[in-house]
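Participant: Curious how this folds, go ahead:
(one chain, ligands or ions: 1)
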Amino acid sequence: MADTTVLVVGGGFAGVTCAQQLAKRDVDVVLLDRNNYHQFQPMLYQVATAQLAAYDIARPLRGIFRHDKTVHFHRTAAVSIDPEARSVTTAAGSVLSADYLVVAAGAQANFFGTPGAAEHSLPLYSVNDAERLRSRIVNVLDATEERPELIEQGSLNFVIVGGGPTGVETAGALAEALRDVVPVRYGSIAKSAKVRLVDHGDVLLKPFSEKAHAYAADRLERDAVELHLGVGVKEVLPDRVILSDGTTIMTRTVVWGGGEKPADAVAEAGLPPGHGGRIDVQRDLTVAGHPQVYVLGDAANIPGADGRALPQLGSVAQQSGAWAARNILDQIAGKQPTDFRYKDKGIMAMIGRNAAIAEMGPHRHEVEGPVAFAAWLGVHAALLSGTRSKIDAFIAWGWDYFSKDRATAIVDQPDDARIDWDEDDDERPEFDAHRDDQEARDGGT
Ligand SMILES: Cc1cc2nc3c(=O)[nH]c(=O)nc-3n(C[C@H](O)[C@H](O)[C@H](O)COP(=O)(O)OP(=O)(O)OC[C@H]3O[C@@H](n4cnc5c(N)ncnc54)[C@H](O)[C@@H]3O)c2cc1C
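Facilitator: Below you'll find the model as predicted:
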């Protein structure tokens, strides 16, 4: 038994990487997650549009740490966090405390108080969200095939809220499925299906360059996505969306990619909230006044080299997890923690087959098409490598998707598009796609 304990809340990129680095040393780690799996969020929309099955993008946390005897995983949600005591109260009712507390609980949808949005729209943050969206898409298509009159009620209008990477990538994948798959499966109703993307800003992919804004808009419009820019969503009702300019769009499928905020337990922990409600951390990733409390990844505003907060990206989360582990080990050894230095790999978005855009490295060298897609694959393969020993199947999937005219999987048989990851077949997550995160909040196992 080691002398020092570290409690890590959240088994995403940040929490897993931190625990993995600590596992190499003589430190006891308790890792909590409300789910029993680690998920690969960058490919959630491929699950939502049935290109992949849910278990292709999730890995069991117990499996990831099966050789690390000092990492103890608990499947339960943190319902409250006490930074003074470095303790967490879990949904199962226990109070866990440790010498160091690492908060890496990621983000959730922020509806910004939009009436009806929480009730009637579908966010995309977890495999359960992705499966729910896929089911909704299948349901509206099936129902419309039976009763074409539903088209008048907007059954085939798919509204995506948010023109950031999540909204743009989801709109691209959905438009592609409507173009390539739905006509084959559902015949003539397909021509009535329409993707509409709404954003109150004037451009898509705001953090990217002007050229990228135009590229994304052009690619989506070529796939018949209708752009509603410069308008916000005023209200979401069960059967329609009302926009700030008075437009009403009849729909049964509203995807919310309109913003994010940290998990409730993090927001309510009494830590200093900054932009986006995320916790402001110091350059060494600790919270001011709490030298043994770290907040990482999407839960934090992490200052970059220029002092501005780094974006919410997998590579920021992963690198911050590794850096926090190193700082904790330094602190245990009696040394000062050091300031986080992010190796900037750039920003990228995959809008669809043959349509990727990447601004690579700190100087944002911009590329499109095959080179951008290769960059996307490389960066995401690096993210995957933390939790999978073999990533060649991922690369093969990527090139297959990109370079060949391979039809997207049909929506009702997602296994058709299953990646053979070549490994861990006995290691699938004890993954109950319909076990909602809520259950874990209510108790956990
Ligand atoms: C649809 C989508 C597409 C994206 N695409 C890309 C992309 O292409 N490239 C890229 O770099 N980034 C992408 N991102 C962003 C990237 O996925 C995140 O920046 C990254 O996952 C953040 O890692 P994290 O560890 O901070 O949080 P997460 O990966 O969100 O992990 C947080 C973990 O905490 C758990 N948790 C939450 N609340 C609690 C609680 N109360 N108790 C216990 N556990 C809890 C969650 O179950 C989860 O496992 C995308 C995000 C989304 C949503």
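Participant: Okay, Gly258 and the ligand: tell me how far apart.
Facilitator: Relative to the ligand, Gly258 is positioned 12 Å away (criterion: Cβ to the nearest ligand atom, to the nearest Å). (Glycine included, C-beta is placed from N, CA and C.)
Participant: can you check Leu197 too?
Facilitator: In terms of Cβ to the nearest ligand atom, Leu197 sits 15 Å off from the ligand.
Participant: isn't that residue right next to Thr166, touching?
Facilitator: No. Under the criterion of Cβ atoms under 8 Å, Leu197 makes no contact with Thr166, lying 11.1 Å away.
Participant: So these two - more neighbours on which side?
Facilitator: More neighbours surround Leu197 than the other of Leu197 and Thr166, with 29 against 26 (other Cβ atoms under 10 Å).
Participant: For the stretch 201-350 of the chain, what lies in contact range of the ligand?
Facilitator: Applying Cβ under 6 Å from any ligand atom, we find that the stretch 201-350 of the chain lies next to the ligand at 263, 265, 297-299, 312-315, 317.
Participant: Swap in 5 Å and give it another go.
Facilitator: 263, 265, 297-298, 312-314, 317 (Cβ under 5 Å from any ligand atom).
Participant: ok, of those residues, which come out buried?
Facilitator: By neighbour count, with 16 or more other Cβ atoms under 10 Å, these hold 263, 265, 297-298, 312-314, 317 as buried.
Participant: Pick the one among those closest to the ligand.
Facilitator: Of all these, Gly297 has the smallest distance to the ligand: 2.1 Å, by Cβ to the nearest ligand atom.
Participant: what sits against that closest one?
Facilitator: 10, 12-15, 104, 106, 312, 316-317, 320-321 (Cβ atoms under 8 Å, 6 or more residues apart in numbering).
Participant: same check, this time on Phe340
Facilitator: Counted by Cβ under 8 Å, 6+ apart, Phe340 has contacts 283-285, 302-303, 319-320, 323.
Participant: From Ala324, how far off is it?
Facilitator: Taking Cβ to Cβ, to the nearest Å as the measure, Phe340 falls 8 Å from Ala324.
Participant: Pull up the overlap in contacts between those two.
Facilitator: Leu285.
Participant: Leaving out sequence neighbours, find the closest residue to Glu268.
Facilitator: Ser80 (6.8 Å; Cβ to Cβ, 6 or more residues apart in numbering).
Participant: wait, is the one you found part of a helix?
Facilitator: No. Counting by DSSP: H, G, I helix; E, B strand; the rest coil, Ser80 falls outside a helix, being strand.
Participant: burial of it, as a residue count?
Facilitator: 14.
Participant: partner residues bridging it?
Facilitator: Thr89 (DSSP bridges).
Participant: shouldn't it be in contact with Val88?
Facilitator: Yes. Ser80 is within contact range of Val88, at 7.2 Å (criterion: Cβ under 8 Å).
Participant: So what does the residue of the stretch 101-250 of the chain found nearest the ligand have for phi and psi?
Facilitator: Proximity of the stretch 101-250 of the chain to the ligand (Cβ to the nearest ligand atom) peaks at Gly106, 2.4 Å away. With angles defined as degrees, to the nearest 10, Gly106 sits at phi 70, psi -150.
Participant: ok, now Ser209?
Facilitator: The phi/psi pair for Ser209 (degrees, to the nearest 10) is phi -70, psi 170.
Participant: Setting aside sequence neighbours, what's the nearest residue to it?
Facilitator: Glu366 (5.9 Å).
Participant: Which parts of the stretch 151-300 of the chain are helices?
Facilitator: With DSSP state H, counting those that start in this stretch as the criterion, the stretch 151-300 of the chain has helices at 165-180, 182-186, 210-222, 264-267.
Participant: Which strands and helices lie in contact with the third one?
Facilitator: Yep, that's helix 210-222 we're talking about. Where contact means 3 or more Cβ pairs under 8 Å, 6 or more residues apart in numbering; DSSP states H and E, helix 210-222 is packed against helix 165-180, strand 226-229, strand 346-352, strand 355-360, strand 365-368.
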